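1. Quick one, fold the following:
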Amino acid sequence: MSMANHPKIPSGQFKDFIKKLELQALETAEERIPLYLKVGMKDADLILDVGCGSGVVTRDIAHLTKGKVIAIDGSDDMIKVAKKILKDYKNVEVKRGDAENLPFDDNMFDIVTCNLLLMWAANPQKVVNEMARVTKPGGIVLATLEPDYGGKLHYPENPSVDPIFAGEAIKKRGGDPHIGRKIRLLFVRGNLITKVGIGNNRIWSCEEDKSYYHHARDFYVKALKDAGLSEKEIDEWEYDYLRSLDEGVQLNFFPQFYAIGKKPESL
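-> Here you go, the predicted structure:
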């Protein structure tokens with residue numbers, strides 16, 4: 001089965017990665033939940049969450065709907081975590097499954113959704129095609145969060161560090177840092193009636209940026225070390241970055257795209 005659902009994670013960093021997913025889910029809830037409501041998740045009978053990871057995003061879906069949620073992931077380790085996190089939710093079933101070969105019949109689900117999945121997929125078109133295949137005619141395929149690091153903006157700039165966080169680190173971990181701009185093509189070629197938008201319209205305050213940085217600092221430092229920066233260079237960058245946040249002058253933004261695709265009643 002494909003492990004396309006996640007970046008390559010060294011075993012020693014798995015616990016930290018799970019913490020990062022929890023934080024990410026909290027930070028992106030304000031973008032995702034309005035989309036869930038928009039596509040009618042509240043009243044859907046059967047929902048599929050593809051690439052559920054640790055289950056923290058599935059938990060948001062389970063809270064919202066009266067229907068049944070099936071959550072799948074290609075990683076045994078993630079499935080174990082998801083089963084623990086979702087054990088009290090009677091309307092959720094967690095199982096192993098490959099996003100590129102979904103283990104379901106055609107035309108089963110009212111809504112099929114994914115979050116931060118296509119960026120890590122070996123074949124994102126195949127994933128979207130599979131999501132469309134298992135969706136009922138008239139049903140919805142929803143990708144809630146697919147970033148595009150080519151549109152990442154921040155100021156003040158750092159010429160040695162910025163390219164690493166603008167896609168190089170994602171590429172090294174097996175992801176596509178420019179998946180956001182491709183999302184319309186993927187959905188249209190999946191024979192879906194497609195609407196695309198940017199979910200994150202709000203610019204975070206420097207206090208919010210600082211809080212997120214401190215939570216995710218180990219990942220930032222690891223990415224810079226992996227890119228070949230010395231400890232001295234990393235320390236200097238961190239000092240300048242934190243100082244700009246304390247001064248209230250740092251501005252960060254990078255676009256996170258969503259796509260809503262309606263499966264035609266008849267092809």
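2. Following the chain onward from the helix or strand hosting Asp77, which element is next?
-> Using DSSP states H and E, the element containing Asp77 is helix 76-85. Downstream of helix 76-85, the first helix or strand assigned by DSSP H and E is strand 92-96.
3. Name every strand pairing with that following strand and say which way it goes.
-> Its sheet considered, strand 92-96 pairs with strand 68-73 (parallel) by DSSP bridges.
4. What mean pLDDT does the partner strand get?
-> On average, the pLDDT along strand 68-73 is 98.
5. Gly197 and Gln256 touch, don't they?
-> No. Look at Gly197 against Gln256 with C-beta atoms under 8 Å: they stay out of range, at 9.9 Å. The way it works is simple: take the backbone N, C-alpha and C, and place the C-beta from them, glycine included.
6. now the residue nearest to the spatial centre of the chain: how far from Leu245?
-> Nearest residue to the geometric centre of the chain (C-alpha atoms, centre = their mean): Leu116, 1.8 Å. Relative to Leu245, Leu116 is positioned 25 Å away (C-beta to C-beta, to the nearest Å).
7. can you check Glu236 too?
-> 15 Å.
8. what's the following helix or strand after the helix or strand where Leu35 lies?
-> Using DSSP H and E, Leu35 maps to helix 14-38. Proceeding N to C from helix 14-38, the next assigned helix or strand is strand 46-50, under DSSP H and E.
9. and the angle from that following strand to helix 76-85?
-> Relative orientation of strand 46-50 and helix 76-85, computed by axes from the mean of the first three to the mean of the last three C-alpha atoms, to 10 degrees: 140 degrees.
10. avg pLDDT for the helix or strand following strand 46-50?
-> Following strand 46-50 in sequence order, the next helix or strand is helix 56-64 (DSSP H and E). Mean per-residue pLDDT for helix 56-64: 94.
11. So if I had to pick from Gly197 and Gln256, which one is more boxed in?
-> Counting neighbours by other C-beta atoms under 10 Å for Gly197 and for Gln256 shows that Gln256 has the greater number, 20 against 13.
12. For the more buried one, which residues are in contact?
-> Thr28, Glu31, Leu145, Glu146, Pro147, Asp148, Gly180, Ile198, Gly199, Asn200 (C-beta atoms under 8 Å, 6 or more residues apart in numbering).
13. got JSON lines for those residues, with pLDDT and neighbour count too?
-> Compiled in JSON lines, these are given as follows (pLDDT from 0 to 100; neighbours: other C-beta atoms under 10 Å):
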{"residue": "Thr28", "pLDDT": "81", "neighbour count": "19"}
{"residue": "Glu31", "pLDDT": "90", "neighbour count": "18"}
{"residue": "Leu145", "pLDDT": "90", "neighbour count": "22"}
{"residue": "Glu146", "pLDDT": "94", "neighbour count": "27"}
{"residue": "Pro147", "pLDDT": "92", "neighbour count": "23"}
{"residue": "Asp148", "pLDDT": "94", "neighbour count": "21"}
{"residue": "Gly180", "pLDDT": "96", "neighbour count": "26"}
{"residue": "Ile198", "pLDDT": "94", "neighbour count": "13"}
{"residue": "Gly199", "pLDDT": "89", "neighbour count": "19"}
{"residue": "Asn200", "pLDDT": "85", "neighbour count": "18"}
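14. one step back: I'd like the distance between the residue nearest to the centre of the chain and Ser244.
-> Distance from Leu116 to Ser244, by C-beta to C-beta: 27 Å.
15. Same question for Gln125.
-> 40 Å.
16. same check, this time on Arg133
-> 48 Å.
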